[in-house]
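1. turn this into a model:
(one chain, ligands or ions: 1)
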Amino acid sequence: MQALHQKAGNVGLRGGGTTQKRLPSTCMWLRHNFWMRPLVCKSREDDEPREEEGPKERAFNRLSATIKRKQKELEAQLHEMGQEALEERLKSAVQVPAAPAYRLASLIAEAVPTGVAVLVLELARPENTSTTSQELAQMAREFVAAGADALAVRCDSNDTTSGLTDLFCVTQAVGKDVPVIANDWMIHPLQVVEVKQTGAAGVLGIIHQVNGRGTAVMSSFTAAIGLDCPVEVVNAQEVEALARTGVAFYGINLNVGLNLPIPGFSTDIAHGILGELPFGAISMVGVRTLEEARKARLSGADSLFIKKELIDAALAKHGPNRMYAIKQLCDQLSYLTSNDD
Ligand SMILES: O=C(O)c1ccccc1NCC(=O)[C@H](O)[C@H](O)COP(=O)(O)O
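-> Down below sits the predicted model:
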């Protein structure tokens, strides 16, 4: 019981209770024009493929190109908005944090003593379709009825023409008891404020390898406005550094070995990272197969981010009834991850 309180308390402490204390430093950053720039690491200047590059380097360059695209999108938005309006948006978000706050972290903290993993299903518009936000909301209702505990909605402009509308419609469709988080590359606090305004519970997309020294700012700002924000990490050093800044919710993307040149990144590395999390921290591991889900849970993952690949495989296997197919998947996941087999 004590560990459970510690888990919920750790996550909550960074926002709700300390919101007022965080305000002065937010204002200080604003005065220094800090917020007018996206918070990302430096990447290679050109993204042209080079002959000597292997698949990992190519994947890394794709990631780098994605981040540059996001940077450009954000810079244009910030420029149009201007510093004063931006400052106002950020300040009012801090003054009125989301209520209830940390809905996903609280759900996970409640699930920990019951021995079941929280299932966060990825929700994306099917490719090459003209799916509307309302149709996506209908999919969301079906996923929840089939067993999803929470949803992560893809909001990047490459996946949808209206990410924030999708998020709003899905959040409305499933109600406050089902945390909905935005899955996008988060490189500026303005994005997080926009997510809050849709009524969503949090963001998935603060990535230490991408945000670098800006990670702590992104994560503490998100927590200060009451939103959940698992921070994606790739090794124990990152965990150690972020734990010192108060991060208590960690994400592990098993796909990361393909996106970044990290030799041998796999469920074994994830196992090691999960073992290094600070006491009371909570975790989410992204999985693309049932086997990855089983291993992640055995290694101690508190929640599983069920990625589109696994959802599409279930739809292909058990379709055409979408709700039936997702129910088969959720039942299988619950069975494989209940930790008593
Ligand atoms: O994607 C995950 O598995 C994940 C797990 C836990 C926390 C965060 C996670 N992803 C955040 C991201 O924004 C991803 O890096 C991004 O969606 C790209 O993921 P991928 O499709 O695996 O390259």
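
2. do you know how far the residue of the stretch 151-300 of the chain found nearest the ligand is from Gly115?
-> Nearest residue of the stretch 151-300 of the chain to the ligand (Cβ to the nearest ligand atom) works out as Gly286 at 1.7 Å. For glycine as for every other residue, the C-beta is placed from the backbone atoms N, C-alpha and C. Separation of Gly286 from Gly115 (Cβ to Cβ, to the nearest Å) stands at 21 Å.

3. just the helices in the stretch 151-300 of the chain please.
-> 163-174, 189-197, 208-211, 215-224, 236-244, 256-259, 267-275, 290-298 (DSSP state H, counting those that start in this stretch).

4. any chance of these in TSV with mean pLDDT and distance to the ligand as columns?
-> Compiled in TSV, these are given as follows (pLDDT from 0 to 100; distance: least, Cβ to the nearest ligand atom, whole Å):
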stretch	mean pLDDT	distance to the ligand
helix 163-174	98	13
helix 189-197	98	12
helix 208-211	92	8
helix 215-224	95	12
helix 236-244	95	13
helix 256-259	62	5
helix 267-275	85	10
helix 290-298	93	10
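
5. now render these as a markdown table, adding mean neighbour count.
-> Below are those laid out as a markdown table (neighbours: other Cβ atoms under 10 Å):
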| stretch | mean neighbour count |
| --- | --- |
| helix 163-174 | 22 |
| helix 189-197 | 23 |
| helix 208-211 | 24 |
| helix 215-224 | 24 |
| helix 236-244 | 16 |
| helix 256-259 | 18 |
| helix 267-275 | 17 |
| helix 290-298 | 20 |
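
6. and those: which comes nearest Ser334?
-> Smallest distance to Ser334 across the helices of the stretch 151-300 of the chain (Cβ to Cβ): 10.1 Å, for helix 290-298.

7. which helices and strands sit right next to the helix or strand just after the closest one?
-> Downstream of helix 290-298, the first helix or strand assigned by DSSP states H and E is strand 303-306. With contacts taken as 3 or more Cβ pairs under 8 Å, 6 or more residues apart in numbering; DSSP states H and E, strand 303-306 sits against helix 103-111, strand 118-123, strand 282-287, helix 290-298, helix 322-336.

8. distance from the longest one to the middle of the chain?
-> On the basis of Cα atoms, centre = their mean, to the nearest Å, helix 322-336 sits 22 Å off its chain's mean C-alpha point.

9. report the angle between it and strand 118-123.
-> Orientation check (axes from the mean of the first three to the mean of the last three Cα atoms, to 10 degrees): helix 322-336 against strand 118-123 gives 150 degrees.

10. same question, the first one
-> Using the same axes, to 10 degrees, the interaxial angle of helix 103-111 with respect to strand 118-123 works out to 150 degrees.

11. how about the third one?
-> Here strand 282-287 runs at 50 degrees with respect to strand 118-123, directions being taken by the same axes, to 10 degrees.

12. with the fourth one instead?
-> An angle of 140 degrees separates the directions of helix 290-298 and strand 118-123 when computed by the same axes, to 10 degrees.

13. elements contacting helix 290-298?
-> By 3+ Cβ pairs under 8 Å, 6+ apart, helix 290-298 packs against helix 267-275, strand 282-287, strand 303-306, helix 322-336.

14. same question for the first one.
-> The helices and strands touching helix 103-111, judged by 3+ Cβ pairs under 8 Å, 6+ apart, are helix 2-13, strand 118-123, strand 282-287, strand 303-306.

15. state the mean pLDDT of the last one.
-> If I follow you right, that is strand 303-306. The average pLDDT within strand 303-306 is 98.

16. partner strands of it and their direction?
-> strand 118-123 (parallel), strand 282-287 (parallel) (DSSP bridges).

17. after it, which helix or strand is next?
-> helix 308-318.

18. which residues does that following helix contact?
-> Contacting residues not belonging to helix 308-318 are listed as 121-122, 124, 154, 287-290, 293, 322, 324-326, 328-329 [Cβ atoms under 8 Å, 6 or more residues apart in numbering].

19. torsion angles phi and psi at the closest residue to the ligand within the stretch 1-150 of the chain?
-> Proximity of the stretch 1-150 of the chain to the ligand (Cβ to the nearest ligand atom) peaks at Leu63, 7.5 Å away. Leu63 adopts backbone torsions of phi -60, psi -40, taken as degrees, to the nearest 10.
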